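In: let me see the structure of the following:
(one chain, ligands or ions: 2)
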Amino acid sequence: MTDTTIARMHGRRVWDSRGRPTVEVEVHLASGFTGRAIAPAGASRGSNEAVDLRDGGTAFGGMGVSRAVAHVNGEISRLLIGRNALQQAAIDEELIALDGTPGKSRLGGNAMIATSMAVLHAAAGAHGMPLYAYLAQGKGVRLPLPEIQIFGGGAHAGRRVDIQDFMVMALGARSFDDAVAMTAEVYRAAGELMKEAGKLQGVADEGGFWPAFASNEEALTMLMRAIERAGYHPDEDIGISLDVAASELGRNGRYRLGLESRELDSDDLCELLLGWLARYPIVSIEDPLAEDDAEGMKKFTAAAGSRAQIIGDDFLVTNAVRVKNAAAAGACNAVLIKPNQAGTVTETKAALDAGKRAGWGTIVSARSGETEDVTIVHLAVGWDAGQLKVGSFARSERMAKWNEVLRIEEALGANAVFAGRAVLPRLA
Ligand code: 2PG
Ligand code: MG
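Out: Ligands and ions are numbered 1, 2, ... in the order given. Here you go, the predicted structure:
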């Protein structure tokens with residue numbers, strides 16, 4: 001048997017898609033296998049996420065990661081060298097104990113998730129298996145239905161529109177390849193329409209078009225036109241998905257739509273979104289209310305949950321206990337799974353499993369600050385999440401992930417099962 005003892009670790013500073021520093025970790029096994037992973041970074045962050053440890057000060061706008069990298073090369077290496085990389089759960093537990101804080105603020109969630117994922121890659125490598133296959137443990141897996149951004153907004157586009165993500169889901173697709181090809185046509189059509197209308201201002205942080213719209217709803221009408229211009233039927237072929245990221249719009253039940261100079265309370269925001277649900281083929285809405293508005297989230301789920309997928313992101317922060325409590329309370333019916341919100345692979349999986357136990361949809365997601373790292377693709381396939389969200393259809397930190405799914409779909413060949421629209425049971 002290959003020696004899976006961790007012989008050496010190395011942390012280094014690398015750079016993300018916003019040109020900000022982030023943490024990369026390599027884990028070298030005694031047998032020579034190496035695992036490597038990079039921490040991503042969010043801009044619209046839930047306040048209960050694992051903390052990204054940043055240096056502060058003036059360099060790189062305070063975003064330096066020298067302390068986080070030093071923890072990898074110091075305390076974390078000392079803890080893990082000599083450990084068996086196959087024992088992911090035990091390693092993650094020890095990392096959590098070593099950190100010793102509730103929010104992973106001492107070692108840094110960024111140092112911890114990069115380490116945890118690098119250990120996982122090393123273990124898969126030692127088995128001579130692609131990561132998704134190692135995670136699947138022989139069980140059947142599905143290729144995920146993608147959620148792909150067409151317009152960016154909110155914290156990812158200078159708040160040019162209030163809603164953060166206007167996305168599409170290729171409901172008519174028969175394979176993952178088909179789904180991204182359909183989305184490519186919608187993305188291109190949207191770009192043409194924006195240009196013709198003089199509303200194209202480049203791309204936002206996740207590669208979606210940076211829009212110059214007069215209202216939030218204009219994005220929805222433009223998206224409908226783009227779907228039609230691409231030759232598709234909105235609803236049957238292509239559904240719309242929104243990430244409201246409402247924690248960015250306010251707190252204590254007060255929400256501000258800056259673009260429209262309007263203040264809304266929780267009920268008003270629910271009304272606005274329910275109106276959109278009635279008028280547009282919206283099949284999924286993420287964080288419709290803020291992370292501190294559990295009552296609003298419950299009300300909205302009661303009103304819209306039979307028609308649409310209601311995803312908790314900031315509201316659930318990839319935390320199994322929060323998912324369980326929200327399910328019991330009737331808030332949300334799906335969970336976004338972001339490894340760096342949790343801080344370790346084991347906690348990430350626990351949140352996903354809690355979602356599945358509740359009968360919820362599970363969507364593995366990238367962050368707005370990303371890199372060439374494609375670990376999340378393997379988690380989505382290997383854990384059979386059913387859905388994947390990685391931003392838009394431009395910029396290589398996004399395309400690297402979509403392309404990785406294509407490679408996996410091809411490798412699975414006749415065994416490739418595409419999750420498709422069945423992951424949205426409300427449409428069935
Ligand atoms: C989100 C993500 C990805 P961020 O809110 O779902 O779109 O954004 O990484 O900035 O939290
Ligand atoms: Mg979100």
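In: mind listing the helices for this protein?
Out: 66-71, 77-80, 88-99, 109-126, 131-136, 176-196, 216-229, 266-279, 294-304, 320-329, 339-342, 345-357, 375-382, 396-412 (DSSP state H).
In: could you chop the chain up by domain?
Out: The chain breaks down into these structural domains: 6-128, 145-427 (assignment by automatic domain parsing).
In: quick one: contacts for the nearest residue in space to residue 375 that is not next to it in sequence?
Out: Once flanking residues are discounted, residue 375 sits nearest to residue 117: 5.0 Å by C-beta to C-beta, 6 or more residues apart in numbering. Bear in mind the C-beta positions are built from the backbone N, C-alpha and C, glycine included. Listed by C-beta atoms under 8 Å, 6 or more residues apart in numbering, the contact partners of residue 117 are 25, 35, 37, 339, 345, 375.
In: same question, residue 369
Out: 16-18, 20, 22, 40-43, 205.
In: just the buried residues of those.
Out: 16-17, 20, 22, 40-43, 205 (16 or more other C-beta atoms under 10 Å).
In: quick check: the farthest pair among those residues?
Out: 22 and 205 (14.4 Å; C-beta to C-beta).
In: hmm, back to that, out of the contacts of residue 117, which comes closest to residue 275?
Out: The closest of the contacts of residue 117, once distances to residue 275 are taken by C-beta to C-beta, is residue 339, at 34.9 Å.
In: is the closest one in contact with residue 113, as I believe?
Out: Yes - counting by C-beta atoms under 8 Å, residue 339 sits close enough to residue 113 to count as a contact (5.4 Å).
In: okay, now the nearest residue to residue 135 once chain neighbours are set aside: neighbour count?
Out: Distance criterion C-beta to C-beta, 6+ apart; nearest residue to residue 135, sequence neighbours excluded, is residue 382 at 2.7 Å. Neighbour count for residue 382, taken as other C-beta atoms under 10 Å: 24.
In: so residue 382 touches residue 138, yeah?
Out: No - the criterion here is C-beta under 8 Å, and residue 382 misses it with residue 138 at 11.1 Å.
In: low-confidence ranges, this structure, go.
Out: The chain contains residues with pLDDT under 70 at 1, 428.
In: so which bits of it are right by ligand 2?
Out: 243, 286, 313 (C-beta under 5 Å from the ion).
In: phi, psi for the residue of the chain found nearest ligand 2 please.
Out: Using C-beta to the ion, the single residue of the chain nearest to ligand 2 is residue 313, 3.5 Å away. Reported as degrees, to the nearest 10, the phi and psi values for residue 313 are phi -120, psi -80.
In: contacts only, for the residue nearest to it when sequence neighbours are not counted.
Out: Of all residues not flanking residue 313 in the chain, residue 336 sits nearest, at 4.1 Å (C-beta to C-beta, 6+ apart). For residue 336, the contacting residues are 286, 311-313, 316, 318, 363, 365, 389, by C-beta under 8 Å, 6+ apart.
In: by neighbour count, which of these wins?
Out: residue 316 (33 neighbours).
In: pull up the distance across stretch 332-346, start to finish.
Out: End-to-end distance of stretch 332-346 (C-alpha to C-alpha, to the nearest Å): 23 Å.
In: so how far is it off the chain centroid?
Out: 8 Å (C-alpha atoms, centre = their mean, to the nearest Å).
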